[in-house]
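In: Requesting a structural model of the entry that follows:
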Amino acid sequence: LDELAIQEGLVPVPSVPPSNPQYIHAFATSLAAMDSDMRYFSKEFYFARYPDVIGGDPIAHFLRYGRHEGRVTNVSLMENVFVDTGRIDPNLPFVIIGVHEASKTGAPIVGMDLALQMANTHNVIFVSLRDGPLIETARKQFPIVIVASYFFEDNQFFADFICNSYPVTDAILSSACGLSFLMALSLRECRITCLVHEFLEYMSPFTDIIYYADLLIFSSRELLKSWQYLLDNYNRDPASVMVLPQPASVASSRKMTKAEARAKVSAVTGIDLNGATIVLAAGQIQIRKGTDIFLQIGSQLKRTEGKFVSIWIGEQISEFESTFGIWLHAQMERSRDADGKLPVHFEPAGPLYSVLMDAADVFVVTSRLDPLPNVALDAAARDIPVIAFAGATGLADLADEGKIDLIEVEIGAIDEVIGAIKSHA
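Out: Prediction:
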């Protein structure tokens with residue numbers, strides 16, 4: 001097992017080779033690095049992470065069984081810690097910016113934008129609970145990047161590493177879905193701010209943020225309203241709760257004229273847009289986003305006087321996915337016209353997104369609940385009118401401030417949506 005421990009990087013390489021008579025003494029010296037040097041195996045971590053092995057030899061257990069069972073060690077977790085010491089400015093304070101995943105979607109994009117803006121005044125420690133495309137961007141921008149975990153026990157390790165290595169006093173998490181990391185940080189002397197972008201109705205696994213975060217920032221009054229009874233039951237200090245509307249992404253702006261964008265969309269998709277009103281929706285295809293409702297809208301527009309092209313761009317869903325995919329695809333197949341054409345063109349998520357935004361005439365948010373969808377903010381940044389269901393988003397706050405051309409209709413009122421689209425044709 002000694003050679004295996006060295007190969008796995010669990011202990012430092014002994015000062016002499018195995019053939020040397022002093023090897024046993026040298027290997028014993030290497031074993032002494034455990035629990036005293038965080039680069040090497042920690043018995044304390046392994047016992048804390050896996051109490052079922054308490055009583056045995058933890059490093060022997062890992063080498064014989066744990067590594068085959070997919071168990072982690074502090075050494076394997078450190079592989080997810082990326083430190084560029086050359087980027088650390090000793091004259092700047094440190095701040096943690098956390099996201100629940102590193103996808104190029106809503107809350108993670110908000111976290112990335114915040115981190116980029118704070119990078120001029122802070123050493124940013126960027127933490128994501130899951131790997132993804134934003135990690136590559138983060139590693140190019142920030143001195144410390146960590147791919148943490150959804151497991152509280154793992155996040156205790158990452159929180160210890162951060163707080164023992166750097167003088168951190170503040171952490172900002174861009175989503176309540178980062179609860180497991182937030183809980184680990186709360187055990188340290190770190191002031192925690194959590195941005196809340198989600199309605200309470202679908203956030204039951206993450207409501208404990210109200211106990212652990214020092215400051216809760218809701219992105220709209222409508223969103224706060226959905227959490228209010230829980231905050232009142234906990235007697236949460238109103239001074240520790242605030243509403244701060246989320247701005248559009250710093251990367252969101254018109255890249256080309258509408259005519260140029262329409263020409264490119266036609267060239268890429270083959271859709272005839274001559275004289276057409278482009279009705280756009282965007283987001284991952286799922287029941288919360290109301291993709292089925294947008295399909296209904298597309299079907300109705302095909303029967304409406306005028307030329308309308310309905311387009312949804314976003315991550316697709318399998319026809320075999322049982323919670324929504326089966327039913328949506330069944331609806332799609334039954335909504336084809338005599339020529340076999342769908343009333344909605346579905347475009348996979350990708351680089352055409354910004355082009356479609358530049359080309360669109362109307363943007364529709366069909367979400368049943370969607371606090372402050374970035375896609376609507378992207379539309380607003382281009383002065384595109386946005387249609388949404390009343391009470392289903394927090395966009396009304398931005399409309400009150402004159403930051404979005406918002407038309408709200410009664411939820412599920414397809415006829416009102418059609419009327420609003422026709423008024424902007």
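
In: going forward, measure contacts and count neighbours with C-alpha atoms only.
Out: Fine.

In: Kindly check the end-to-end length of stretch 193-201 for me.
Out: For stretch 193-201, the separation between the terminal residues is 21 Å (C-alpha to C-alpha, to the nearest Å).

In: which residues are contacting it?
Out: With C-alpha atoms under 8 Å, 6 or more residues apart in numbering as the contact definition, stretch 193-201 has outside contacts at 107, 170-176, 207, 209, 213-219, 223, 226-227, 369-372.

In: Just the buried residues of that stretch, please?
Out: 193-200 (16 or more other C-alpha atoms under 10 Å).

In: Could I get the average pLDDT for that stretch?
Out: The average pLDDT for stretch 193-201 rounds to 93.

In: do stretch 54-70 as well
Out: 89.

In: all strands for the stretch 51-200 of the chain, in order.
Out: Counting by DSSP state E, counting those that start in this stretch, the stretch 51-200 of the chain has these strands, from start to end: 81-83, 94-99, 123-128, 144-147, 168-173, 191-196.

In: can I get those strands in TSV with distance to residue 408?
Out: TSV is the format used below for the strands of the stretch 51-200 of the chain (distance: least, C-alpha to C-alpha, whole Å):
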stretch	distance to residue 408
strand 81-83	45
strand 94-99	30
strand 123-128	35
strand 144-147	39
strand 168-173	30
strand 191-196	23
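
In: Now do residue 341 against residue 335, distance only.
Out: From residue 341 to residue 335 the distance is 8 Å (C-alpha to C-alpha).

In: The two: who's more crowded?
Out: Between residue 341 and residue 335, counting by other C-alpha atoms under 10 Å, residue 335 is the more crowded of the two (18 against 12).

In: What are the phi and psi values at the more buried one?
Out: Dihedral pair for residue 335: phi -110, psi 10, per degrees, to the nearest 10.

In: so it sits right up against residue 343, yeah?
Out: Yes. With contact defined as C-alpha atoms under 8 Å, residue 335 and residue 343 form a contacting pair (7.0 Å).

In: Run a quick neighbour tally on residue 36.
Out: Neighbours of residue 36 (other C-alpha under 10 Å): 11.

In: Surely it is within a strand?
Out: No. Residue 36 is assigned coil when assessed by DSSP: H, G, I helix; E, B strand; the rest coil, not a strand.

In: now it: how far from residue 147?
Out: 24 Å.

In: how about stretch 138-154: buried residues?
Out: 138-139, 141-150, 152-154.

In: tell me the two of these that are most distant?
Out: The most widely separated members of these are 141 and 153, with 28.0 Å between them, by C-alpha to C-alpha.

In: where does the stretch 201-350 of the chain have low pLDDT?
Out: The stretch 201-350 of the chain contains residues with pLDDT under 70 at 247-252.

In: which residue ranges form the strands in it?
Out: 215-218, 241-243, 277-282, 308-314, 344-348.

In: For the ones you listed, state which one has the densest average packing.
Out: strand 277-282 (a mean of 24; mean count of other C-alpha atoms under 10 Å).

In: okay, that one in PDB with CA atoms only?
Out: What follows is strand 277-282, C-alpha atoms only, in PDB (Å, rounded to 0.1, in the frame of the first residue of the first chain):
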ATOM      1  CA  THR A 277     -43.200  39.700 -37.400                       C
ATOM      2  CA  ILE A 278     -40.700  37.700 -35.400                       C
ATOM      3  CA  VAL A 279     -42.100  36.500 -32.100                       C
ATOM      4  CA  LEU A 280     -39.300  35.200 -30.000                       C
ATOM      5  CA  ALA A 281     -39.100  33.200 -26.800                       C
ATOM      6  CA  ALA A 282     -36.000  31.700 -25.200                       C
END
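
In: Would you mind pulling the contact partners of it?
Out: Contacts for strand 277-282 (C-alpha under 8 Å, 6+ apart): 294, 307-314, 356-357, 359-366, 375, 421, 425.
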